[in-house]
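> test case, fold it:
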Amino acid sequence: MKTKRAGTWNVGMKKGAGKKKSWKELPPAARIGTIVIGAAQLAFLTAAQRDLSRRPDEQIRGPKMFWRLATLVNFIGPGCYFAFGRKRLPPVTGK
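Coordinates of the predicted model:
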């Protein structure tokens, strides 16, 4: 069943399926989950930015500004930086 609503076609959608919920309408578990995911994203971003600030240019693949901007992409950016943006240092051999 196709219905025309505000210039878009909603094919097979249930009534109210596209409506966004406000914060107050979310169940407590969804609110807590959102806060936890947001905190994890912020911690991951902070760790990547801090590592970029402390690491010399020679130990980073590519320009620092590129990685600074890339880390702003949720989870994917910091993950890519930690996986691909840092050069691996040779192991330290103790005497």
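
> list the contacts for the residue nearest the centre of the chain?
Nearest to the mean C-alpha position of the chain, by C-alpha atoms, centre = their mean, lies residue 74 at 1.3 Å. Taking C-beta atoms under 8 Å, 6 or more residues apart in numbering, we find residue 74 in contact with residue 41. For every residue, glycine as well, the C-beta is placed using N, CA and C.

> am I right that it sits in a strand?
No. Per DSSP: H, G, I helix; E, B strand; the rest coil, residue 74 lies outside any strand segment and is coil.

> state the pLDDT value of it.
On pLDDT, residue 74 comes in at 90.

> cool, residue 21 as well?
At residue 21, pLDDT is 86.

> got it, and residue 4?
At residue 4, pLDDT is 56.

> could you identify the longest helix within this structure?
helix 28-54 (DSSP state H).

> for that one, which positions count as buried?
Using 16 or more other C-beta atoms under 10 Å as the test for burial, helix 28-54 gives 44, 45, 48, 49, 51, 52.

> name the helices or strands packed onto the strand or helix carrying residue 66?
For residue 66, the enclosing helix or strand under DSSP states H and E is helix 64-70. Packed against helix 64-70 by the contact rule (3 or more C-beta pairs under 8 Å, 6 or more residues apart in numbering; DSSP states H and E) you find helix 28-54.

> distance from the chain centre to the helix it packs on, please.
Chain-centre distance of helix 28-54: 8 Å, with C-alpha atoms, centre = their mean, to the nearest Å.
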